[in-house]
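[1] What follows is a protein structure lacking sequence information:
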């Protein structure tokens, strides 16, 4: 599912206009992004949690030239699936 499909599903399920559903989805994504930018944590019970992990600098390899390059430190969002979601996905296996 992509963002436009999520908007369409929300619009139909909650009898919203597409504009209203777009606003809701954008508000949720913006709130998530703002929280993660502040090194916050997002936890949605039964679904999972998002945290920001910091990675230090390291020496990498340029795949084009084969030369070594220094990769700068970075922060990346990380998602950990919740127990209930994991169980629901595994129950749906083989369908």
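    Thanks, I have it. Keep in mind that what you see is a predicted model, and the values were worked out from it rather than measured.

[2] okay, CA-based contacts and neighbour counts for the rest of this
    Fine.

[3] Can you list the low-confidence ranges for the chain?
    93-95 (pLDDT under 70).

[4] tell me the centre residue of it?
    In the chain, the residue lying closest to the centroid (C-alpha atoms, centre = their mean) is residue 79, at 6.5 Å.

[5] isn't that residue right up against residue 48?
    Yes. Between residue 79 and residue 48 there is a contact at 7.0 Å, judged by C-alpha atoms under 8 Å.

[6] got the contact list for the residue nearest to residue 61 when sequence neighbours are not counted?
    Leaving aside its sequence neighbours, residue 61 sits nearest to residue 68 (C-alpha to C-alpha, 6 or more residues apart in numbering; 4.4 Å). Going by C-alpha atoms under 8 Å, 6 or more residues apart in numbering, residue 68 touches 59, 60, 61, 62.

[7] Neighbour count and secondary structure for those residues - can I get that in JSON lines?
    Shown next, in JSON lines, are the contacts of residue 68 (neighbours: other C-alpha atoms under 10 Å; DSSP: H, G, I helix; E, B strand; the rest coil):
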{"residue": "59", "neighbour count": "10", "secondary structure": "strand"}
{"residue": "60", "neighbour count": "13", "secondary structure": "strand"}
{"residue": "61", "neighbour count": "12", "secondary structure": "strand"}
{"residue": "62", "neighbour count": "11", "secondary structure": "coil"}
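
[8] buried sites along the helix or strand hosting residue 90?
    Element membership for residue 90, per DSSP states H and E: helix 83-91. Going by neighbour count (16 or more other C-alpha atoms under 10 Å), nothing in helix 83-91 comes out as buried.

[9] quick one: contacts of the helix or strand hosting residue 7?
    Using DSSP H and E, residue 7 maps to helix 3-13. When contacts are defined by C-alpha under 8 Å, 6+ apart, helix 3-13 is touched by residues 16, 17, 18, 20, 21, 22, 25.

[10] And stretch 41-52, by the same measure?
    32, 35-36, 39-40, 75-85.

[11] Can you select the buried ones from these in ChimeraX?
    Restricted to buried positions by 16+ other C-alpha under 10 Å, the ChimeraX selection for the contacts of stretch 41-52 reads:
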select :35,36
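
[12] related to what we said a few turns ago, torsion angles phi and psi at the residue nearest to residue 61?
    Note on residue 68: backbone dihedrals following degrees, to the nearest 10 are phi -90, psi 150.
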